[in-house]
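Participant: sequence first, predicted model second:
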Amino acid sequence: MDSNDNLQYNEFRKKRVKIFKRLILLAVGFFIALPNVLCVLIIFTMHKTNSSINSLTNELNLLKVTETQKVAFEETKAEQVDNPAKENFVFKVSSDAEEYEGYQRVYLTFDDGPSRYTDELLDLLEEYNVKATFFVLAQEGYDDEYRRIVNDGHTLALHSYKHVYSDVYSDLDGFENDVNQVYDFIKEKTGVAPLFYRFPGGSSNTIYKGDKNELFDFLNDKNLVYYDWNVTSNDATYGGLAKGQIANNVLKGIEGKDEAVVLMHDANDKHSTIEALEIIFESLQTRDDVVFLPITENTEPVQHVTKKTEEE
């Protein structure tokens, strides 16, 4: 092999060595980068999965609330009586029925507040000179809203401390603890001792498995009268309802009722409820036989379930 051939052969070997080195470096780089890429993909997938799980959990909770409200509403129709038991009534000097004889009495009630829309809701009620009742939760950061409800002449009532059914209805102690906590919270914030209460899911809820008489006795001992409803706006329906549908539910629901206690909600996802109220007020303002009232000691309670006596 002459010198020229040797040179060509050496050049060929050098090129092959360079190619092998590059291949080896690429392979090493690939195997070094692969775990990092896989980690990034795994983290992204886990994040996406967690988001999906959280979303599904929230939807499930909403569905549970909606189902409970649906059960309560259905049981309202089945169990409501014309003359409910009087055991838990507060003494009345002059009932609303006497004072507003000849009027249809409409009690707008708002559960689950305060919310980011409470001030807007109160502004609307003030604009139409309407008084209402707020069955509230215990929520920090809304001190002004709690006080404004009272100062504007509305009734501030109790709903739940945190509205967690598994805690509220775990047993009698759980129920008493929830009521006591929200009672103390509201009294501290406003200086006002609440007089009225609404069961989460209504008194006809099927969550509590014990004897409901013991719940009624506790409320009575605490001088709290509980109120359910006989008209529902269905504004808590999962996915929400348009303002027109909510307004229509209320307007149809109050037809033929001398006393209409309307269930609505003051929550962060319920702005359509405020929009519906404007439609309701505009529809009824031409009638001179309708009066909007807050629940007071003179208001006849609407109760889905009442205390059963031994004779019953």
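Facilitator: Yep, it's here.

Participant: make it CA atoms for all contacts and neighbour counts henceforth
Facilitator: OK.

Participant: so where's the stretch 51-200 of the chain uncertain?
Facilitator: In the predicted model, the stretch 51-200 of the chain carries pLDDT under 70 at residues 51-93.

Participant: mind listing the strands for it?
Facilitator: With DSSP state E, counting those that start in this stretch as the criterion, the stretch 51-200 of the chain has strands at 104-113, 133-137, 155-160, 196-197.

Participant: how about the ones you listed in TSV, adding distance to residue 298?
Facilitator: Shown next, in TSV, are the strands of the stretch 51-200 of the chain (distance: least, C-alpha to C-alpha, whole Å):
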stretch	distance to residue 298
strand 104-113	12
strand 133-137	14
strand 155-160	12
strand 196-197	12
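
Participant: so which of these gets nearest residue 288?
Facilitator: strand 104-113 (9.5 Å; C-alpha to C-alpha).

Participant: quick one: contacts of the closest one?
Facilitator: Here strand 104-113 makes contact (C-alpha atoms under 8 Å, 6 or more residues apart in numbering) with 131-137, 159, 254, 257-267, 289-295.

Participant: if we use 7 Å, what do you get?
Facilitator: With C-alpha atoms under 7 Å, 6 or more residues apart in numbering as the test, strand 104-113 has contacts from 132-137, 159, 258-267, 289-295.

Participant: over to stretch 247-257?
Facilitator: 231, 232, 233, 260, 276, 277, 279, 280.

Participant: can you do 8 Å?
Facilitator: Outside of stretch 247-257, the residues within contact range by C-alpha under 8 Å, 6+ apart are 104, 106, 231, 232, 233, 234, 260, 262, 276, 277, 279, 280.

Participant: could you do stretch 265-272 as well?
Facilitator: Stretch 265-272 is touched from outside by 109-118, 235-236, 240-243, 273, with contacts defined as C-alpha under 8 Å, 6+ apart.

Participant: taking those one by one, which sit in helices?
Facilitator: Using DSSP state H, the members of the contacts of stretch 265-272 that fall within helices are 118, 243, 273.

Participant: pipe these into TSV and attach distance to residue 205 and neighbour count per row.
Facilitator: Converted to TSV, the ones in helices among the contacts of stretch 265-272 look like this (distance: C-alpha to C-alpha, whole Å; neighbours: other C-alpha atoms under 10 Å):
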residue	distance to residue 205	neighbour count
118	27	21
243	27	21
273	24	28
